[in-house]
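Chemist: need the 3D shape of this:
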Amino acid sequence: MTLCFKHNAQLELNRVEYSGALAPKELYAHAHFRGAHGQWLNYDHLNLVLPGADASQLSNTMLDAIYAQHQALFQTEKLLILRRSAWVCQSAAAMGALRYWLGDRFTKPRAYTDVRLFETIEDACDWLLLQGHEKALAVRGEGFEEIARFTAPSIAA
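Modeler: Numbering: from 1, shown residues only. Just a heads-up that it's a prediction; the model follows:
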């Protein structure tokens, strides 16, 4: 799996792209990175599960453990405003795990973030209040600088 964390300073937006075989190691590493670099928590997120991403290695038990660790990293953070985290899944093979991950957000503690799943990047951008040129940049992924990349070796390796 590759998890790529990017930032667009002009849009004041983070973009996280998930590809390949999704694995717990990279999800944990990303959560630790965000916990250690709190400046990235001050931005909205556009999360994209790219075509071909596969979540078959992730059980619901694993997802629960990752979620608990993720929440623990941010429980002491006091962000000044509620952040938004838009998700778009372009992979049928990952949709079940993503729906489980996002599923019951209204009854679980949240880390100061409003989380929503969208069918298209355009819909996500509308919710993130991007318009015109800004929306076009976000949809195309232009102007995003790679900040961190987390990559697991392939299972066949």
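Chemist: distance between the ends of stretch 122-133?
Modeler: Criterion C-alpha to C-alpha, to the nearest Å; first-to-last residue distance in stretch 122-133 is 12 Å.
Chemist: who does the lowest-mean-pLDDT helix or strand in the chain touch, helix- and strand-wise?
Modeler: The weakest-scoring helix or strand in the chain, judged by mean pLDDT, DSSP states H and E, is helix 60-74 (a mean of 80). Applying 3 or more C-beta pairs under 8 Å, 6 or more residues apart in numbering; DSSP states H and E, we find helix 60-74 packed against helix 24-36, helix 92-102. Backbone N, C-alpha and C define where each C-beta goes, glycine included.
Chemist: so where's this structure uncertain?
Modeler: 72-81, 104-112, 153-157 (pLDDT under 70).
Chemist: any idea what the residue nearest the centre of it is bridged to?
Modeler: Taking C-alpha atoms, centre = their mean, the centroid of the chain lies closest to Asn47, which sits 3.8 Å from it. Assessed by DSSP bridges, Asn47 has beta-bridge partners Val16, Trp87.
Chemist: wait, it touches Ser85, no?
Modeler: Yes - applying C-beta atoms under 8 Å as the test, Asn47 and Ser85 come out as touching, 6.3 Å apart.
Chemist: I'd like to know how far Arg149 sits from Ala65.
Modeler: Going from Arg149 to Ala65 by C-beta to C-beta, to the nearest Å gives 23 Å.
Chemist: in the sheet, who's paired with Thr151?
Modeler: In beta-bridge terms (that is, DSSP bridges), Thr151 pairs with Thr2.
Chemist: please apply the same query to Glu146.
Modeler: With DSSP bridges applied, Glu146 shows beta-bridge pairing to Lys6.
Chemist: so how many other residues sit close to it?
Modeler: 11 (other C-beta atoms under 10 Å).
Chemist: could you measure from it over to Phe5?
Modeler: With distances taken as C-beta to C-beta, Glu146 is found 7 Å from Phe5.
Chemist: so the nearest residue to Glu17 once chain neighbours are set aside is in which element?
Modeler: Nearest non-adjacent residue to Glu17, counting by C-beta to C-beta, 6 or more residues apart in numbering: Cys4, 4.6 Å away. Using DSSP states H and E, Cys4 sits within strand 2-8.
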